[in-house]
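**Student:** coordinates for the following, if possible.
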Amino acid sequence: EPTTPYRDIRVWGSVGFILPGAILAMLVFTDLPARVVVNIAIGMAALTCAMGAIAALRLPPGQTRDASTEDDTASHPTALALRAVMKQPVTTFFGTMLLIFMGIAILYTFYPLYLGKLNVPASLIGMITNLGVIIEIGFIMGSGWLLRKMGLRGVMLLGAVCMVIRMAMMAAWPNVTIAVVSQVLHGPIVLAIYVIPPMYLNVKAKPTYRNSMQGLYAMMGFGLARLSGSALGGYVSDTIAPNSLHGLQATFWVAAFLAALATIWLVLGFHDRNACKALQDDRIG
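**Tutor:** Next up, the predicted model:
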């Protein structure tokens, strides 16, 4: 059967991010007590998770292995994936993504606090965050066109540069207008972190360890990088000026620096023409 482009699936993650925020935004402007709104939010989270679990029951079964045609190493897919990660240009790809994920962790952790220090009402922070997600939907749907026009490396560089600009803007000019306008840059960043990498790793991994390769990327990005990025941002903020706007500005300078390092690394060390050509094919992209 024809392969569904990954972007057509991933875009629903963005839609799913927006819908609860939109519903809660309407509840915030009612006369309901704040405690009730929070309880509704937690209840919505539990309900959507339950719906996801039910939907997961309808996912197709995994492919069974043919033991007669496998070698012994195929029974250790994580080891094969690690071996592939340690080869260029995948090593450079993982390294640059580690830095960008650390930077985005700082954004996710401290952006709401930053808006609060700029006297933005708490009831509006969710809607402001959703502005960037709305913009990312357009970039996700247009990712195939961008890959054909700019190539894999070009799209990755676009996201990294947008990350540098976004973090530097908020660090240098702390005001509500900049904080909101910077959301325009969210789309290319999402392509570079969440959309393009799984597609690229699918090209680089063989079927025997493809899932393990994706798992390593998830553990590195959503685990190690997110944890270390948030901790680094918190340390910097507390060291510079605890519980203040100046401390949050310092964290964003750190995020901009991490993204700048990733940009330089991509320019100097990431070259993979074969993968670029494969990803420009809509059947994969």
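**Student:** quick check: mean pLDDT of the lengthiest helix in the chain?
**Tutor:** Longest helix in the chain by number of residues (criterion: DSSP state H): helix 143-172. If you average the pLDDT over helix 143-172, you get 90.
**Student:** need the next SSE after that helix, C-terminal direction.
**Tutor:** helix 176-181 (DSSP states H and E).
**Student:** okay, that following helix in PDB with CA atoms only?
**Tutor:** C-alpha atoms of helix 176-181 as PDB (Å, rounded to 0.1, in the frame of the first residue of the first chain):
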ATOM      1  CA  VAL A 176       5.400  41.300  25.600                       C
ATOM      2  CA  THR A 177       5.500  42.200  21.900                       C
ATOM      3  CA  ILE A 178       8.800  40.400  21.300                       C
ATOM      4  CA  ALA A 179       7.700  37.500  23.400                       C
ATOM      5  CA  VAL A 180       4.600  37.100  21.200                       C
ATOM      6  CA  VAL A 181       6.100  37.900  17.900                       C
END
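**Student:** pull the distance from the very next helix or strand once past that helix to the chain's centre.
**Tutor:** As assigned by DSSP H and E, the chain's next helix or strand after helix 176-181 is helix 186-190. In terms of Cα atoms, centre = their mean, to the nearest Å, the centre of helix 186-190 is set 8 Å apart from its chain centre.
**Student:** for stretch 177-192, same thing?
**Tutor:** The answer for stretch 177-192 is 12 Å, by Cα atoms, centre = their mean.
**Student:** give me the buried positions along it.
**Tutor:** Ala179, Val180, Ser182, Gln183, Leu185, His186, Gly187, Pro188, Ile189, Val190, Leu191, Ala192 (16 or more other Cβ atoms under 10 Å). C-beta here means a position set from N, CA and C on the backbone, and glycine is covered the same way.
**Student:** cool, stretch 155-168 as well?
**Tutor:** 155-164, 166-168.
**Student:** again, but for stretch 81-95
**Tutor:** Buried residues in stretch 81-95, counted by 16+ other Cβ under 10 Å: Ala81, Ala84, Val85, Val90, Thr92, Phe93, Phe94, Gly95.
**Student:** shaky segments in the protein?
**Tutor:** 1-2, 62-75, 275-285 (pLDDT under 70).
**Student:** helices of that one, residue ranges please.
**Tutor:** Using DSSP H, helices in the chain cover 6-28, 34-56, 77-85, 90-117, 122-141, 143-172, 176-181, 186-190, 196-204, 210-218, 226-240, 245-269, 273-279.
**Student:** mean neighbour count, these: which tops it?
**Tutor:** Greatest average neighbour count among those goes to helix 186-190 (a mean of 24), per mean count of other Cβ atoms under 10 Å.
**Student:** please enumerate residues in contact with that one?
**Tutor:** 14, 100, 104, 131-133, 135-136, 138-140, 155, 158-159, 162-163, 166 (Cβ atoms under 8 Å, 6 or more residues apart in numbering).
**Student:** can you rerun that using 7 Å?
**Tutor:** Contact with helix 186-190 is made by Ile104, Gly132, Ile135, Glu136, Gly138, Phe139, Ile140, Leu158, Gly159, Cys162, Met163, as judged by Cβ atoms under 7 Å, 6 or more residues apart in numbering.
**Student:** next: stretch 85-103.
**Tutor:** 84, 160, 163, 167, 192-193, 197, 200, 204, 216, 220-221, 225-226, 228-229, 232, 255, 258-259, 261-262, 265-266, 269-272.
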